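Student: Provided below are the primary sequence and the corresponding predicted coordinates.
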Amino acid sequence: MKRHSIEARSRRELFAGALRYAALGLMAAASVALYVKRQRIVRKGRCINSSGICAGCKVLEQCSLPQAVSARQTPTGVDNDKR
């Protein structure tokens, strides 16, 4: 009877390990897919920020899009509104 419980435990460990590595593989595949998607968007010259606002963007310093370049050149805190 003791032998049966050892076999059941090892079978459980096998399934738990298989599920653990399957989940790890899925997370890795999802990460790669997101990275590839982001690189494709950047290569096409489109903004990765869905709102299109450069001032609050996290990648403003590395962005080479024309909007980001002009946002970096414009001094912050200056009122450009000429009325």
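Tutor: In hand now; what should we look at?

Student: would you map out the domains in this structure?
Tutor: Following automatic domain parsing, one finds the domains of the chain at 1-44, 48-76.

Student: remind me, longest helix of the chain?
Tutor: Assignment by DSSP state H gives helix 2-43 as the longest helix of the chain.

Student: could you report the pLDDT at the residue positioned nearest the centre of the chain?
Tutor: When C-alpha atoms, centre = their mean is applied to the chain, the residue found nearest the centroid is Leu34 (5.6 Å). Looking at Leu34, its pLDDT stands at 93.

Student: one more: the one 5 residues further on?
Tutor: Taken from the predicted model, the pLDDT recorded for Gln39 is 85.

Student: ok, how many other residues are close to it?
Tutor: By other C-beta atoms under 10 Å, 11 other residues sit near Gln39. Glycine gets a C-beta too; all of them are placed from N, C-alpha and C.

Student: neighbours around Cys57, how many?
Tutor: So Cys57, with other C-beta under 10 Å, has 19 neighbours.

Student: hang on, I meant Cys47
Tutor: Using other C-beta under 10 Å, Cys47 has 17 neighbouring residues.

Student: Leu65 versus that one, what's the distance?
Tutor: 6 Å (C-beta to C-beta, to the nearest Å).

Student: likewise for Leu26?
Tutor: As for Leu26, its distance to Leu65 is 33 Å (criterion: C-beta to C-beta).

Student: more neighbours, these two?
Tutor: Leu65 (17 against 10).

Student: hang on, the earlier thing: and the residue nearest to the centre of the chain, what does it touch?
Tutor: Counting by C-beta atoms under 8 Å, 6 or more residues apart in numbering, Leu34 makes contact with nothing.

Student: about what we covered before: lowest average confidence across the domains of the chain, which one?
Tutor: The minimum mean pLDDT among the domains of the chain belongs to domain 48-76 (a mean of 70).
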